[in-house]
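*Asks:* sequence-free structure coming up:
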């Protein structure tokens, strides 16, 4: 079995995906992580807020690593973006429309209610934008266009997740993925890459 | 003062925007609506879930009416879409990045946890897609392209709201709005409208 601290982090991340931040209780976390109640405050003296901040940053990092993996395996930037959306749609269907963005629900919950956690989500999102933009620059885009394309792709992805989860179809991810692929192709063409 | 039932609905809608569904308590609702506690169960015998469902549908309808108003005042479909994104960015800034989509937070919270409320968000989103697509058809798009463009615009909008609220900038709405305008123009060109 993984160390208690890791089990708590993994379990909390999973609960955040399905129930959000407010809907996840400490009792539920220790029960599902098979951890003694006191272990949360032992490992996270700041309680739920500290745990929440670490889970947001950790989930954000892991999701970005998935993006890197898919991009590294793809032939080029354009097909990597298409693969990422296709993979997201398959994961959603396979998990009964539960596993989408690991931090979006929490990000909306805390945006106007918890400044330290809002900052954690902002750090994660900014790192995703910067990372995707870096890929765009490596593919030949100007830094300005790369950032704008990165923001556009991420908006399409996050928006599609909302519609797919609510409507329980993958239509929005198919439309958004096609648009993202087209936008990346057009941007590369415009920058002569 | 508005009738108690309307005050409860308005207050709950406002609390959902800022705190989400789980983060909004019945005590908080009656306090902010200046209503006696029993009035919630008098007007909404099904309690928080029934109230939640009515608020989701009502907020969805009101937000769609705003879309209709902006589209009716615009010269054409393309500029209407641009106006809507520009207006959304102004509202976000004016409300300290609080007022974005009235139901997105709740939609993500309930997607895997509360089926009746998930269905309410699905109804709202489907009505928005159908309504925006109808505008596209009126502007000259084929029904298929109109639906796809409507889904794309709504993904861009919802995704941008997440990034703008978390990052406290309007960058994502500017990028998403420019993309939406371009996509509508291209679609109209492709369908020879």
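*Replies:* Okay, I see it. Everything numeric in this text was worked out from a predicted model, so none of it was measured.
*Asks:* Please enumerate the helices of chain A.
*Replies:* Along chain A, counting by DSSP state H, helices occupy A:4-19, A:26-33, A:38-43, A:47-73, A:77-94, A:104-110, A:115-138, A:143-167, A:171-190.
*Asks:* Is the fifth one in proximity to chain B?
*Replies:* Read that as helix A:77-94. No. Using Cβ under 8 Å from any Cβ of the partner chain, helix A:77-94 stays clear of chain B, coming no nearer than 10.4 Å. Yep, even glycine has a C-beta here, placed from its N, CA and C like the rest.
*Asks:* residues of that helix that come out buried?
*Replies:* A:77-89, A:92 (16 or more other Cβ atoms under 10 Å in any protein chain shown).
*Asks:* Max pairwise distance over those residues: which two?
*Replies:* A:77 and A:92 (23.2 Å; Cβ to Cβ).
*Asks:* and of the buried residues of helix A:77-94, the nearest to residue B:149?
*Replies:* If you rank the buried residues of helix A:77-94 by distance to residue B:149 using Cβ to Cβ, residue A:85 comes first, at 17.5 Å.
*Asks:* Against residue A:164, how distant is that closest one?
*Replies:* 11 Å (Cβ to Cβ, to the nearest Å).
*Asks:* Quickly list what's touching both of the two.
*Replies:* residue A:173 (Cβ atoms under 8 Å, 6 or more residues apart in numbering or on different chains).
*Asks:* Show me where chain A dips below the pLDDT cut-off.
*Replies:* For chain A, residues meeting the criterion pLDDT under 70 lie at A:193.
*Asks:* so how far is chain B from residue A:89?
*Replies:* 13 Å (Cβ to the nearest Cβ, to the nearest Å).
*Asks:* One more: residue A:57?
*Replies:* For residue A:57, the distance to chain B equals 13 Å [Cβ to the nearest Cβ].
*Asks:* For residue A:140, give me phi and psi.
*Replies:* Here is the backbone geometry of residue A:140 (degrees, to the nearest 10): phi 120, psi 0.
*Asks:* list the contacts for the nearest residue to residue A:174 once chain neighbours are set aside?
*Replies:* Spatial nearest neighbour of residue A:174, chain neighbours left out: residue A:89 (6.8 Å); criterion: Cβ to Cβ, 6 or more residues apart in numbering or on different chains. Contacts for residue A:89 (Cβ under 8 Å, 6+ apart) come out as A:164, A:170, A:173, A:174, A:177.
*Asks:* same question, residue A:190
*Replies:* By Cβ under 8 Å, 6+ apart, the neighbours of residue A:190 are residue A:145.
*Asks:* Could you measure from it over to chain B?
*Replies:* Distance from residue A:190 to chain B, counting by Cβ to the nearest Cβ: 12 Å.
*Asks:* likewise residue A:26?
*Replies:* Counting by Cβ to the nearest Cβ, the gap from residue A:26 to chain B is 15 Å.
*Asks:* I'd guessed that residue sits against residue A:36; true?
*Replies:* No. Assessed by Cβ atoms under 8 Å, residue A:26 is found out of contact with residue A:36, at 11.8 Å.
*Asks:* more neighbours, these two?
*Replies:* Neighbour count, other Cβ atoms under 10 Å in any protein chain shown: between residue A:26 and residue A:36, residue A:26 has more, with 16 against 10.
*Asks:* Tell me which residue lies nearest the centroid of chain A.
*Replies:* residue A:101 (4.0 Å; Cα atoms, centre = their mean).
*Asks:* What does it show for phi and psi?
*Replies:* phi -70, psi 130.
*Asks:* Contacts only, for it.
*Replies:* Here residue A:101 is in contact with A:63, A:157, A:158, A:161 (Cβ under 8 Å, 6+ apart).
*Asks:* was I right about the third one contacting residue B:163?
*Replies:* Yes. Here residue A:158 reaches residue B:163: they are 7.3 Å apart, a contact under Cβ under 8 Å.
*Asks:* sorry, back to before: let me know the closest of the contacts of residue A:101 to residue A:186.
*Replies:* For those, the nearest to residue A:186 is residue A:157 (17.7 Å; Cβ to Cβ).
*Asks:* what's around residue A:30, how many residues?
*Replies:* There are 19 residues near residue A:30, going by other Cβ under 10 Å.
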